[in-house]
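Chemist: test case, fold it:
(one chain, ligands or ions: 2)
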Amino acid sequence: MEKILIFDTTLRDGEQSPGASLTSDEKLKIALQLEKLGVDIIEGGFPISSPDDAKAVKKIGENVKNSVVCALARCQNEDINEALKSLEKAKKPRLHLFLATSEIHRKYKLKKAKEEIIKIAKEKVRYAKKFIDDIEFSPEDASRTEPDFLLEVCQAVIEEGAKTINIPDTVGYAIPEEFGKLIKFLRENLPSDIIISVHCHNDLGLAVSNSLVAILNGARQVECTINGIGERAGNASLEEIVMNLVIRKNYYKVETNIKTEEIYKTSRLVSTLTGIPVQPNKAIVGANAFRHEAGIHQDGILKYRLTYEIMDPKMIGIPKSELVLGKHSGRHALKERLKLLGFEFDGEKVEKIFEKFKKLAEKKKEIHDVDLIAIAEEEIKPVKPVYSLEYFHIISGSSTIPSATVRLKKEGKIIEDASNGDGPVDALYKAIDRITKLSPVLKEYKITAITGGKDAQGEVNVCLEINGERVYGKGVSTDIIEASGKAYINAINFYLVRKNLEKKIIKGA
Ligand code: KIV
Ligand code: ZN
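Modeler: Ligands and ions are numbered 1, 2, ... in the order given. Got it, this is the predicted structure:
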């Protein structure tokens with residue numbers, strides 16, 4: 001069976017999701033998991049956009065052994081040089097060059113004629129080829145480019161040594177049938193040893209469909225992101241493309257190198273480190289993806305699973321909600337269970353998780369894998385939190401004005417303040433605001449129970465806007481007020497850490 005190469009751009013295009021910027025340490029952590037997942041090419045970043053992005057690509061190149069490591073660059077010498085410098089230590093480096101080709105981009109963004117576009121593209125691929133062999137070229141906004149001109153550009157860069165031609169549907173405008181025809185046209189007219197890749201955005205909800213139809217028409221590489229995160233409505237989701245190819249292998253007749261059992265873990269890691277929650281009804285990795293609500297469905301499932309389930313959650317590594325540990329379980333049992341769930345922590349972190357586990361076991365009779373995952377995820381952030389919640393006290397009731405007293409720790413110092421509010425959470429958030437002196441606008445607030453039962457842990461997800469920037473935060477506790485406070489502080493920490501990354505606004509490609 002033919003192979004489809006999986007090019008993951010979570011760390012580059014995915015990171016362009018509002019509020020998602022990652023530090024270089026966080027990127028490395030995700031890259032190592034992507035390698036475990038079996039991703040063929042990891043796009044680590046856009047080195048010219050910030051020193052920390054350059055550092056991320058460098059670190060990924062130094063540590064990833066099996067996957068190709070790729071860096072993005074505009075068709076400009078300073079971009080190319082910076083990308084090549086970041087890739088110096090990579091075992092399998094790839095340079096990804098892009099230049100817009102559609103009429104609308106030529107006329108309004110670049111103010112360049114067709115001939116100039118071809119000249120620049122050729123010149124820059126030729127320049128880069130002196131230093132690196134593996135070059136991918138993307139004619140940006142390809143799906144809105146005149147097909148004959150698109151072919152001309154592709155042929156021109158291939159002549160200079162580009163080996164992969166990536167066809168982006170930059171603004172998510174393509175329709176499957178039309179996009180399939182475009183890929184077929186290119187496949188029939190480009191040399192057979194050139195890999196055709198596609199990169200689809202999800203503005204009309206068609207990114208995965210367009211990617212799959214491209215495969216049927218000869219594309220042999222797809223660019224995608226974990227959880228489908230990315231610029232605006234996001235990119236094609238890796239897990240959806242891969243599971244389509246696995247479950248409907250009889251139709252697509254192709255395979256990938258992805259180890260599907262690593263999908264769930266990767267999805268959780270990306271969600272935790274970017275702070276972007278996965279929507280509950282998201283295909284493959286959403287919380288409801290394998291939940292059956294209707295009685296008729298539940299009855300069918302009990303009689304024969306395949307009546308209503310086309311894939312086994314085990315295939316993507318979703319742990320069964322098993323009762324695993326109790327109040328009397330020791331450190332060793334906890335460490336072993338965490339290992340089984342894919343978390344490898346050093347002694348100090350295990351100790352911290354153990355303490356949290358014991359506290360939870362006092363409040364909650366049954367501790368399931370999902371509870372443990374929630375505790376462990378709080379410990380996987382490599383970034384040191386700026387603020388942490390030390391203590392809170394709430395007064396609330398039907399005939400009192402809700403008030404909150406809060407103590408936060410910052411750099412070893414305890415700061416305390418208090419406030420009234422419309423409700424207990426509002427009072428808590430106002431007291432935190434008095435301490436941090438930030439004025440976040442609460443854009444979203446969501447609470448979910450991790451398991452069933454009155455003693456279940458609650459997970460709170462918030463989205464805040466601070467000085468015009470969106471950030472996400474998550475907090476977990478059996479006390480929903482505490483979970484709310486943790487989520488709010490988590491988002492503030494994200495904001496404060498990211499503020500120092502200073503990404504450049506990149507203009508004109
Ligand atoms: O969407 C796009 O066009 C891109 C290119 C840089 C490949 O992300
Ligand atoms: Zn893109």
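
Chemist: by residue count, tell me the biggest helix in this structure.
Modeler: In the chain, with assignment by DSSP state H, the single longest helix is helix 480-499.

Chemist: other SSEs contacting that one?
Modeler: Counting by 3 or more CB pairs under 8 Å, 6 or more residues apart in numbering; DSSP states H and E, the packing neighbours recorded for helix 480-499 are strand 387-395, helix 424-436, strand 441-449, strand 458-466, strand 469-477. The C-beta positions use only the backbone N, C-alpha and C, and glycine is treated the same way.

Chemist: next SSE after the helix or strand of the chain with the lowest mean pLDDT?
Modeler: Ranked by mean pLDDT, DSSP states H and E, the weakest helix or strand in the chain is strand 323-325, scoring a mean of 68. Next along the chain after strand 323-325, taking DSSP states H and E as the criterion, comes helix 331-340.

Chemist: whatever helix or strand comes next after that next one: how far from the chain's middle?
Modeler: On the C-terminal side of helix 331-340, the nearest following helix or strand under DSSP H and E is helix 347-363. A distance of 28 Å separates the centroid of the chain from that of helix 347-363, by CA atoms, centre = their mean, to the nearest Å.

Chemist: flag every buried residue along helix 347-363.
Modeler: Neighbour-count burial for helix 347-363 flags 350, 353-354, 356-357, 360-361 (criterion: 16 or more other CB atoms under 10 Å).

Chemist: tilt between that helix and strand 469-477?
Modeler: For helix 347-363 against strand 469-477, the angle by axes from the mean of the first three to the mean of the last three CA atoms, to 10 degrees is 60 degrees.

Chemist: packing partners for the helix or strand just after helix 347-363?
Modeler: Using DSSP H and E, the helix or strand that directly follows helix 347-363 along the chain is strand 367-368. Judged by 3+ CB pairs under 8 Å, 6+ apart, the packing partners of strand 367-368 are strand 323-325, helix 347-363.

Chemist: can you give me the mean pLDDT across strand 367-368?
Modeler: The pLDDT scores in strand 367-368 average 83.

Chemist: nearest residue to residue 448 other than its sequence neighbours?
Modeler: residue 459 (5.2 Å; CB to CB, 6 or more residues apart in numbering).

Chemist: wait, doesn't that neighbour sit right on residue 451?
Modeler: No: in this structure residue 459 lies outside contact range of residue 451 using CB atoms under 8 Å: 10.5 Å.

Chemist: comparing those two, which residue is more hemmed in?
Modeler: Per other CB atoms under 10 Å, whichever of residue 459 and residue 451 has more neighbours is residue 459, with 23 against 17.

Chemist: and the closest residue to residue 61 other than its chain neighbours, what element?
Modeler: Nearest in space to residue 61, with sequence neighbours left out and distances taken as CB to CB, 6+ apart, is residue 90 at 3.1 Å. Using DSSP H and E, residue 90 sits within no helix or strand.

Chemist: surely residue 90 and residue 66 touch.
Modeler: No: between residue 90 and residue 66 there is no contact, the gap being 11.7 Å when judged by CB under 8 Å.

Chemist: between those two, point out the one with more neighbours.
Modeler: Neighbour count, other CB under 10 Å: between residue 90 and residue 66, residue 90 has more, with 24 against 13.

Chemist: so what's the residue count around residue 476?
Modeler: Counted by other CB under 10 Å, the residues lying close to residue 476 total 22.

Chemist: what sits against it?
Modeler: With contacts defined as CB atoms under 8 Å, 6 or more residues apart in numbering, residue 476 is in contact with 374-375, 377-378, 450, 457-460, 483, 486.

Chemist: I'd like to know how far it sits from ligand 1.
Modeler: 34 Å (CB to the nearest ligand atom, to the nearest Å).
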